[in-house]
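S.K.: structural data only, the sequence is not supplied:
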């Protein structure tokens, strides 16, 4: 374990890496180390992304030719619904939260995330939800009404069987998980920063995750409420969405999209946060316009809550209202433009090193910008009324999500892989991965703009040859295969590098933020003696690390709590130590959620083991108590 | 089917807006990508061990800021312009004159379109399915309704789309200025056979339209030969009459397309099959093989009954 | 503002954390922030449910449709019980912040008595709604609003109960007093969030 700075940390006695197999399994299940939990989120999310990619491969295979009999409508409807549901709920948001869980405590110079047991519980809930909904798919009762599950198609009368219940309850699992992680990230970013890291010195990635977490807090309740109302309509006969009894199908759309629009921004914003450190590092200078960058994030977050009706332009909503949403939907491009211009200025005035992470970042500039242009188009009501619900929108959403989130995410993987694993990914394979992916994405999705304008609606399992949609669909399917090859290269790169990659030191890229001050991979706890920060780029600025904090205990492991604005030291906080109760609580909660899909009484009976497990979780353990009492000091 | 080949004013306004937006966003896209490429290409290359330049970076920062603000200002002005262009198009769409419009009540079902023409008095009304004839040059005013789930009406060459939502009725208007056959689709996922829910809109000269409408108003002709008469009996005594209506007979159910003039349509099964005797026979025998999940069950008729039934359906011109 | 952390001669400074306390009250504590996070989420849920109520109202001519508004007695009584419960709750909070164990024990038991009362009256409120959840959309939304708040009453009562037991059995340490203080903060939120829901369920259909 090489050490380049003064952050020497002995292995913690409470996170043993060695020991017999049983102890290691229990240890893994009981961990409260943010790095292990964060890595779990990331790896699980990529596994779900693989599943989602297989599903989209099936879709493209079916649509490659007219009147294909590869998939019937029932299978196709489940497959496209699960593709969207997987990518949106089981990949895009969890992977970003996983990156935040891993990186934010390191970047702010603290030992762990706030509420680590809650973060562990959140992971198990996410995993359980994913397994639950895939069990449905594998049993041929998977959700089949699309990732936004419109009523009345998903309602009790037309959504026959349990399929939509599986979808609606998946929402409950994943939203509970995301909301809890959001609370942890907000608390960590506000209260656990290293002394001296005032608000105007927080890394841009941390700002992005902080703003994203606030968005999660205010957006996700809408979809939880909607999915609860849907489950109630289906299971106990309520009439929220039943027009015959005073309900309204549009209520679903309002609630869902009030969540759904911020949802895409809370996938996009962490990626914006990843862009900044990568650009800064490989331009050898800080990003231009830090205050503008922060204000742009905040402006984007606020504006994103004012756009949701643009998903409903074709419905019977008053026209004047729609015009407001056109204006807001176009104006949100401005803070994003500010960020793009600041990044270009950073590259322009820096000394550029074209590494793989930067290549993926450059891919963003092409693909996301194109998606942003079609976004401006669909923001306009009259134009949207032609392209809404067609392959034009499929093209738009994939350009913005892949260009805006996946490319920065892949760049981030190449960038932080050496920190997480201690080894560098291959640059050569990385360049091939980038090039093939860039080509593949464009070949797959660019033709879809034309298909939409030519009249091809979304979510059709087949089409007639006379429509003329065959050739471009075939091209798109070929593009999908190129993308598959690209991602296969990525998988090969990861596996090979884990075994034989070049060993990375603490800071192979000579980057600026605090995670690069510790060993690769970082020890547990992150910092034996956390730094005192003296500048915005702690590893670049003269006096960027102005000192060290001594005296934080290891038994119990303590974090330093600082003030919100100026990060002045306030008190010490004993962090929780490994425990199985988050896992047990998650199992109990899973039983409650799964049971309540079949009978409402599960809520009552299921509450008992959940209550018991969470009470044991909270109840202080004697040995931990004795440790804390030994160092207790009152305010 | 192309939104960029407008056959009426509604689609034409949008196609014009598309042109404006394509040009403006195209220029912006090229500018941003070019700036990125130039920034990377011209930047002094950094070697692997090039020191970071946190302090020196502040030199030239002022100029960067000015350029960024100028670019932001330019972007804002362009966006505002596009908002205006969009609003102008909105107003143009809303000002389609609807005096003397042909009124049609269009109800969407899983997976077919029911159209009731409301022109004239009570006795002039008629109901058809999946194929609309409209006169060129005269506005059409729809009242849109849905009987089960949300559907969306989209005929790209004539107009943008409008959703049909259970529990609500919504107006929608367009006009065809060019004769032709325009294909529309359902554009909101509505279940198994969302892919096979097309609508044919045939715009024709006003007198051709009037002739068609007059024929539609007539009840089914009395079958001429015995086979067709026998077929009518089969129709009325088997499950057909439980869902389908044929005006002039006792079959008046409205759960499925009105078949009074089904043999005169260009397609059957909501645009899925060309309308030929062979296709009609295949469809009646086993709709599930063609549109799996459709609400029409297969019919295992005795061969002689089937032949008679097909002969009867052939007479429903 | 960070000058205190950098020595004038620029040399590395050492901060000895041993002198710092190991717990703190109010927004100095991480527990406060966690509680605030949960309250923000739950407030959003309540606000959206209230929006649903008024949205459905715009879709129906006569409101409430087919039934009279909920009878005022039990709901108003419960509102009073909840408001009065703030007093023992605040007493408990202040006792905790003084680290007065006896005061905390008394206050928390009295608070629990109030919890039993308002839970009992809440059962009566459901029956006074005058409709079932499956009567119509109005029935669905009033049961949902009342049910959401009731869930918070139940969890709040349970949390308070667990803390009460801990206050008697131990093991006790400084941060448990922070937990009591934060639980009281949450209790106040549960009461405060009831007021707009009461206004919507009981007053709005009579006044608007």
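M.R.: Now that the structure is in, tell me what you want to look at. Just so it is clear, the model here is predicted, and its values are computed rather than measured. Numbers count the residues shown, from 1 in each chain, chains lettered A, B, ... in the order given.

S.K.: where does residue A:483 fall, secondary structure wise?
M.R.: Assessed by DSSP states H and E, residue A:483 sits inside helix A:470-500.

S.K.: gap between that helix and the chain center?
M.R.: In terms of Cα atoms, centre = their mean, to the nearest Å, the centre of helix A:470-500 is set 22 Å apart from its chain centre.

S.K.: shaky segments in the chain?
M.R.: I went with chain A, as the question did not name one. Scanning chain A with the threshold set as pLDDT under 70 gives A:1-19.

S.K.: wait, I meant chain B there
M.R.: Checking chain B against pLDDT under 70 turns up B:44-51, B:53-59.

S.K.: how is it carved up into domains?
M.R.: As recorded under automatic domain parsing, the domains making up chain B are B:102-205, B:226-314.

S.K.: is the least confident helix or strand in chain C by mean pLDDT up against chain A anywhere?
M.R.: Lowest on mean pLDDT, DSSP states H and E among the helices and strands of chain C sits strand C:13-16, with a mean of 92. Yes - using Cβ under 8 Å from any Cβ of the partner chain, strand C:13-16 reaches chain A at C:13-16. All C-beta spots, glycine's among them, are computed from the backbone N, C-alpha and C.

S.K.: in chain C, what residue lies closest to chain B?
M.R.: residue C:59 (8.1 Å; Cβ to the nearest Cβ).

S.K.: can you list the weak-confidence ranges in chain C?
M.R.: For chain C, the stretches with pLDDT under 70 are C:1-11.

S.K.: top helix in it by residue count?
M.R.: Identified as the longest helix of chain C according to DSSP state H is helix C:137-169.

S.K.: give me the angle between the helix or strand following that helix and helix C:137-169.
M.R.: Going down the chain from helix C:137-169, the next helix or strand is helix C:174-198, by DSSP H and E. Interaxial angle, helix C:174-198 versus helix C:137-169 (axes from the mean of the first three to the mean of the last three Cα atoms, to 10 degrees): 160 degrees.

S.K.: show me what helix C:174-198 is packed up against.
M.R.: Counting contacts by 3 or more Cβ pairs under 8 Å, 6 or more residues apart in numbering or on different chains; DSSP states H and E, helix C:174-198 is packed against helix C:30-59, helix C:72-97, helix C:101-127, helix C:137-169.

S.K.: gap between the shortest one and the chain center?
M.R.: Averaged C-alpha coordinates place helix C:72-97 at 11 Å from its chain's average position (Cα atoms, centre = their mean).

S.K.: how about it and chain A, touching?
M.R.: No - using Cβ under 8 Å from any Cβ, helix C:72-97 stays clear of chain A, coming no nearer than 9.8 Å.

S.K.: ok now stretch A:520-528, how far from the chain's centre?
M.R.: 24 Å.

S.K.: give the helix, strand or coil label for whichever residue of the stretch 451-600 of chain A sits closest to chain B.
M.R.: Nearest to chain B in the stretch 451-600 of chain A, going by Cβ to the nearest Cβ, is residue A:455, at a distance of 3.1 Å. Put simply, residue A:455 is coil when judged by DSSP: H, G, I helix; E, B strand; the rest coil.

S.K.: tell me what angle the longest helix seen in chain A forms with helix C:30-59.
M.R.: Longest helix in chain A, counting residues (DSSP H): helix A:249-283. Calculated by the same axes, to 10 degrees, helix A:249-283 forms an angle of 140 degrees with helix C:30-59.

S.K.: I'd like the next helix or strand past helix A:249-283.
M.R.: helix A:290-304.

S.K.: go through that next one and flag the buried ones.
M.R.: Going by neighbour count (16 or more other Cβ atoms under 10 Å in any protein chain shown), the buried part of helix A:290-304 is A:290, A:292-294, A:296-297, A:299-301, A:303-304.

S.K.: most packed of the domains of chain B?
M.R.: Greatest average neighbour count among these goes to domain B:102-205 (a mean of 21), per mean count of other Cβ atoms under 10 Å in any protein chain shown.

S.K.: just how off-centre is it within its chain?
M.R.: Mean-position distance between domain B:102-205 and its chain equals 7 Å (Cα atoms, centre = their mean).

S.K.: what about the longest helix of chain C, near chain A?
M.R.: Yes - using Cβ under 8 Å from any Cβ, helix C:137-169 reaches chain A at C:137-141, C:143-144, C:158, C:162, C:166.

S.K.: now, of the residues you listed, which are buried?
M.R.: By neighbour count, with 16+ other Cβ under 10 Å, the residues of helix C:137-169 next to chain A hold C:137-141, C:143-144, C:162, C:166 as buried.

S.K.: residues in the stretch 151-300 of chain A within reach of chain B, list them.
M.R.: Counting by Cβ under 8 Å from any Cβ, the residues of the stretch 151-300 of chain A near chain B are A:152-153, A:157-158, A:243-244, A:247-250, A:282-286, A:288-289, A:292.

S.K.: in ChimeraX, how would I select the buried members of those residues?
M.R.: Buried residues within these, by 16+ other Cβ under 10 Å, are selected in ChimeraX with:
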select /A:152,153,158,243,247,248,249,250,282,283,284,285,286,288,289,292
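
S.K.: of the residues of the stretch 151-300 of chain A next to chain B, list those near chain C.
M.R.: A:247-248.

S.K.: picking up where we left off before, distance to chain C added to the domains of chain B, as TSV?
M.R.: Converted to TSV, the domains of chain B look like this (distance: least, Cβ to the nearest Cβ, whole Å):
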stretch	distance to chain C
domain B:102-205	8
domain B:226-314	26
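
S.K.: can you list the residues of the stretch 151-300 of chain B near chain A?
M.R.: By Cβ under 8 Å from any Cβ, the residues of the stretch 151-300 of chain B that approach chain A are B:152, B:154, B:156, B:159-163, B:165-168, B:170, B:183, B:185-195, B:272, B:292-293.

S.K.: so which of these sit within strands?
M.R.: B:152, B:154, B:162-163, B:170, B:183, B:185-186 (DSSP state E).

S.K.: quick revisit: ok and the longest helix of chain A relative to helix A:290-304, angle-wise?
M.R.: Going by the same axes, to 10 degrees, helix A:249-283 makes 170 degrees with helix A:290-304.

S.K.: I appreciate the help and will end here.
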